[in-house]
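*Asks:* The following block contains a protein sequence and its predicted model.
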Amino acid sequence: MERIKSLSQYPLPHHLISRLVFHLTRLPHPLTRQLITWFAKQFNVNLAEAKNPDASSYRTFNAFFTRELSASARPLSDNTSMYLWPADGKISAFGRTEYGQLIQAKGHNYSVASLLANDELSDRYQSGSFATVYLSPRDYHRVHIPASGTLQHMTHVPGRLFSVAPHTVNTVPSVFARNERVVAHFQTTDGWMAIVWVGALNVGAIETVWQGLITPEKGARIPGLIGINRWRGGLTPTHWSYSAPGNQDDTTKTDYIRGEEIGRFNMGSTVIVLTESPLSFVTDTALEGGVLMGQAMGSSK
């Protein structure tokens, strides 16, 4: 049944559907309050922990979906040597990166190189660690940095927008490396760390705090049905360098403190963390269990 559900996604115009959702969720409408109330009840969303818990005050559905939490809602682990989980969600997989391979699901591996689409930087993560978190519709959708670091590089990789729900992850080979994604590389005291925002069906909008909306581009048109997945300049990645003099605006912030917000999804999807140094993960974290941003993920010590 999982395979059948996944096969039905192949012929879908992923980007067209996602761009329509992008525009619809940004339209102010008199029924927005009722939609948010229904959604919160349907998916068991805890609005009480939001900085603004009043459903009627959100002007658009996207404003609600990307809501900020109250300052006390996600306390950071007191153990400052610990990397933090970057987002709320369920753990899809975590562990050591072996021979440049990551675990997607049982029976499905994929390569660091295919995920990052940057041969030079991919070499740094061949024998480190990784962790994959799936954000469901009910979760908080802002992403925070697991350890303090300095932004060095970012890549936007165009691609498909398959769903990243468990049935797709279990059946579509290399789905995280096939979907559109944004990869940010940071230099930490333990070595390099990459954060990957993986886009998905209805989740074609990813933004970072330093660059703003990466995809879709501001003013981007809704693509036609022909060439639907090559509309944005084909499949060529776009790169930004923040470490070389003259390659960034002098006002761009590049230093981020452990637990600081670094970006967001405009609908639910998946975040992948890769580290150059192997991590010792917190052992009481079960694969099928949920995590909250700020909880201890693991230590390189």
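*Replies:* Structure received. Residues are numbered from 1 along each chain as shown.

*Asks:* going forward, measure contacts and count neighbours with C-alpha atoms only.
*Replies:* OK.

*Asks:* low-scoring pLDDT stretches of the chain, where are they?
*Replies:* Scanning the chain for pLDDT under 70 picks out 1-15, 18, 21, 203-204, 217-235, 244-250, 267-268, 284-289.

*Asks:* if I pick residue 292, what's in contact with it?
*Replies:* Contacts for residue 292 (Cα atoms under 8 Å, 6 or more residues apart in numbering) come out as 74, 85, 87, 88, 89.

*Asks:* Helices of the stretch 151-300 of the chain, start to end?
*Replies:* Under the criterion DSSP state H, counting those that start in this stretch, helices of the stretch 151-300 of the chain are mapped to 166-169, 175-178.

*Asks:* Quickly compare those helices and say which is most buried.
*Replies:* Among the helices of the stretch 151-300 of the chain, helix 175-178 has the highest mean neighbour count (mean count of other Cα atoms under 10 Å), at a mean of 22.

*Asks:* got the contact list for residue 54?
*Replies:* Counting by Cα under 8 Å, 6+ apart, residue 54 has contacts residue 47.

*Asks:* want to throw the helices of the stretch 151-300 of the chain into a markdown table with distance to residue 143?
*Replies:* Below are the helices of the stretch 151-300 of the chain laid out as a markdown table (distance: least, Cα to Cα, whole Å):
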| stretch | distance to residue 143 |
| --- | --- |
| helix 166-169 | 20 |
| helix 175-178 | 17 |
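
*Asks:* before we move on, back to that, give me the buried entries from the contacts of residue 292.
*Replies:* 85, 87, 88, 89 (16 or more other Cα atoms under 10 Å).

*Asks:* Which residue is the nearest non-sequential neighbour of the second one?
*Replies:* Here the nearest residue to residue 87 in space, its sequence neighbours aside, is residue 293; by Cα to Cα, 6 or more residues apart in numbering that works out to 4.3 Å.

*Asks:* Can you give me the distance of that neighbour to residue 77?
*Replies:* 10 Å (Cα to Cα, to the nearest Å).

*Asks:* Next: residue 208.
*Replies:* Taking Cα to Cα, one finds residue 208 at 24 Å from residue 77.

*Asks:* Buried residues of stretch 111-123, list them for me.
*Replies:* 111, 112, 113, 114, 115, 116, 117, 118, 121, 122.

*Asks:* All set, thanks.
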